[in-house]
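Novice: this is a predicted model, with the sequence first.
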Amino acid sequence: MLFAGWRAARARSRAPGDSETRQARAFSILTAAALGFNLKTTPMTSLFRRHFLCAAWLLLAALPGAGQYRDPLPVPDIPGYRTLKCDLHIHTVFSDGDVWPTTRVSEAWREGLDVIAITDHAGYNPKDPDVKLDLTRPYAIAAPLAARLGIILIPGVEVMEGDTHFNLLFVTDPNAFLKLRLADALRAAHARNAFITWNHPGWRQPAAWFPNVAALYDEKPFHGVELVNGHDYYPPAFPWIEEKKLTILANTDVHAPTYPAYTGRNRPLTLVFARTPDSEGVREALFARRTAAWMGGEMWGNEEYLRGLWQAAVGVENDQLTFAPGRTQAVLRLRNRSALRFVLGSPKTAGWLRASGAELQPEGGAGIALSVTKEAPAGGQTVQLEFEVTNLHTAPGRNLAVSVPLRVQVQQP
């Protein structure tokens, strides 16, 4: 009975769009199964209910895998586009990963992602003979759960030659690449209209535009590059984004379970700004280079998209401040509605107004301390606070600049 109850509770607690009511119902089913009574016929006094819910929590905590909750990981849409949180480079036991394909889907759902691509290696299968070499299987196994949980699953494969690795996304016949040399694999991928990305350009050696990569690009340009792979950021790759017209990517390349390597919302992700929240929308956005890389509170991307995220995420709670005689200081309150972090340097503004910088934590607020000098003009003034967002990088050596309008009323004695 306990197993049946646990299975029912687990199904409810893992369903997309859970509410607190549904979670509580799952706890109740679990505990009822363990204690052997029927919820519909057993009366519940207030005292009994408290003991019952305590028992539910204790049982839930004691069972492995019970805490299957989805982190909403709120990242706002921007005008004209849906913002999709993606990891487009992950592995399973069908190459050198340590987990089953459905585990990758469950991890993605639990951690708030919208899109994943399973990209097992072509021709590298250290799990043989325990796992048959068939690169169509990871997608086939993961697809039903992905559909049920609302995760967009992209087919893919990773091809390699030495330390040079590329992902081929949207290929539906990955076994066709098993015995191909790298150059031939990329030619075959181009023929299939695959999206081709250069992986971890700084793996095992400092990132550089290596001669073999240059030759592949010169023959027919590939489409993207990982600026971030796992916990590694490759500064030399940032200039290539514009120089080579590449799509910017941040992926985990995860082989082991995502826990404990990626906890506390520190999983690197590619933000894809798609016209439609589906596989075709992801494909179109990737080819159009509408992406941003997000890792460890830092973000890299086109100014248009980073500005759109700022404007959608951050609001001003009090955009009118009054300074009276004897009261020359005030606080401007900002609110961050997203899982993103924004670090604001001290702003440029009117000469008679002093303002501090601030750090807007995810889903939190911050106060900007302001003061006026004795030169402040009497009456109402509209001023701009021009901030540099020092953790949002639009180009090498350049960060996003934003402006916050403010109405200031200065009262003179």
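Specialist: Structure's in. What do you need? Everything numeric in this text was worked out from a predicted model, so none of it was measured. Numbers count the residues shown, from 1 in each chain.
Novice: make it CA atoms for all contacts and neighbour counts henceforth
Specialist: Will do.
Novice: helices of the protein, start to end?
Specialist: With helices called from DSSP state H, the chain shows them at 2-14, 20-35, 46-62, 101-110, 137-149, 182-191, 211-219, 240-243, 279-287, 303-313.
Novice: contact partners of the fifth one?
Specialist: The set of residues external to helix 137-149 that reach it, using Cα atoms under 8 Å, 6 or more residues apart in numbering, is 15-16, 92, 94, 101-102, 104-105, 109, 118, 152-153, 155.
Novice: okay, those residues in a markdown table with distance to residue 175 next?
Specialist: Conversion of the contacts of helix 137-149 to a markdown table gives the following (distance: Cα to Cα, whole Å):
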| residue | distance to residue 175 |
| --- | --- |
| 15 | 33 |
| 16 | 33 |
| 92 | 16 |
| 94 | 12 |
| 101 | 17 |
| 102 | 20 |
| 104 | 21 |
| 105 | 22 |
| 109 | 27 |
| 118 | 14 |
| 152 | 22 |
| 153 | 18 |
| 155 | 12 |
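Novice: list just the nearest of the residues you listed to residue 346.
Specialist: residue 109 (38.0 Å; Cα to Cα).
Novice: residue 250 versus the spatially closest residue to the closest one that is not a sequence neighbour, what's the distance?
Specialist: The shortest distance from residue 109 to any non-neighbouring residue, by Cα to Cα, 6 or more residues apart in numbering, is to residue 70 (6.1 Å). Applying Cα to Cα, to the nearest Å, the value for residue 70 to residue 250 is 21 Å.
Novice: okay, the two: which has more neighbours?
Specialist: Neighbour count, other Cα atoms under 10 Å: between residue 70 and residue 250, residue 250 has more, with 32 against 20.
Novice: who's in contact with the nearest residue to the more buried one once chain neighbours are set aside?
Specialist: Excluding the flanking residues, the one nearest residue 250 by Cα to Cα, 6+ apart is residue 228, at 4.4 Å. Neighbouring residues of residue 228 by Cα under 8 Å, 6+ apart: 200, 234, 249, 250, 251, 268, 293, 295.
Novice: where does residue 228 land on pLDDT?
Specialist: Per-residue pLDDT puts residue 228 at 98.
Novice: just the buried ones among the contacts of helix 137-149, please.
Specialist: Buried members of the contacts of helix 137-149, counted by 16 or more other Cα atoms under 10 Å: 15, 92, 94, 101, 102, 104, 105, 109, 118, 152, 153, 155.
Novice: can I get these in CSV with pLDDT?
Specialist: As requested, the buried ones among the contacts of helix 137-149 are exported to CSV (pLDDT from 0 to 100):
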residue, pLDDT
15, 41
92, 98
94, 98
101, 98
102, 98
104, 98
105, 98
109, 98
118, 98
152, 98
153, 98
155, 98
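Novice: closest to residue 391 out of those residues?
Specialist: Nearest member of the buried ones among the contacts of helix 137-149 to residue 391, counting by Cα to Cα, is residue 109, at 26.7 Å.
Novice: what about the closest one, distance to residue 150?
Specialist: 8 Å.
Novice: what of residue 113?
Specialist: Counting by Cα to Cα, the gap from residue 113 to residue 150 is 10 Å.
Novice: more crowded one of the two?
Specialist: Counted by other Cα under 10 Å, residue 113 and residue 150 do not tie: residue 113 has more neighbours, with 26 against 17.
Novice: tell me how many other residues crowd the closest residue to the more buried one other than its chain neighbours.
Specialist: What sits nearest to residue 113 in space, not counting adjacent residues and going by Cα to Cα, 6+ apart, is residue 85, at 5.0 Å. Neighbourhood size, residue 85 [other Cα under 10 Å]: 24.
Novice: try residue 306
Specialist: 22.
Novice: got the contact list for it?
Specialist: Here residue 306 is in contact with 292, 392, 394, 400 (Cα under 8 Å, 6+ apart).
Novice: measure the closest residue to residue 203 other than its chain neighbours to residue 310 for me?
Specialist: Using Cα to Cα, 6+ apart and skipping the chain neighbours, the partner closest in space to residue 203 is residue 163 (7.4 Å). Distance of residue 163 to residue 310, given as Cα to Cα: 37 Å.
Novice: quick one: which of the two has more around it?
Specialist: residue 310 (22 against 12).
Novice: would you check how far apart the more buried one and residue 354 are?
Specialist: Residue 310 is 23 Å from residue 354, by Cα to Cα.
Novice: any stretches of this protein with poor pLDDT?
Specialist: Residues of the chain that meet the criterion pLDDT under 70 lie in 1-67.
Novice: give me the domain ranges for it.
Specialist: 2-62, 82-301, 313-410 (automatic domain parsing).
Novice: go through these and pick out the most buried.
Specialist: Highest mean neighbour count among those (mean count of other Cα atoms under 10 Å): domain 82-301, with a mean of 19.
Novice: now the end-to-end length of it.
Specialist: With Cα to Cα, one end of domain 82-301 sits 16 Å from the other.
Novice: skipping its backbone neighbours, what lies nearest residue 359 in space?
Specialist: Looking at residue 359 with Cα to Cα, 6+ apart, the closest residue is residue 343, at 4.4 Å.
Novice: isn't that neighbour right next to residue 389, touching?
Specialist: Yes - taking contacts as Cα atoms under 8 Å, residue 343 lies within contact range of residue 389: 5.4 Å.
Novice: just to revisit the earlier point, the residue nearest to residue 113 touches residue 272, doesn't it?
Specialist: Yes - between residue 85 and residue 272 there is a contact at 6.6 Å, judged by Cα under 8 Å.
Novice: between these two, what contacts are shared?
Specialist: With Cα under 8 Å, 6+ apart, residue 85 and residue 272 have no common neighbours.
Novice: much appreciated, bye for now.
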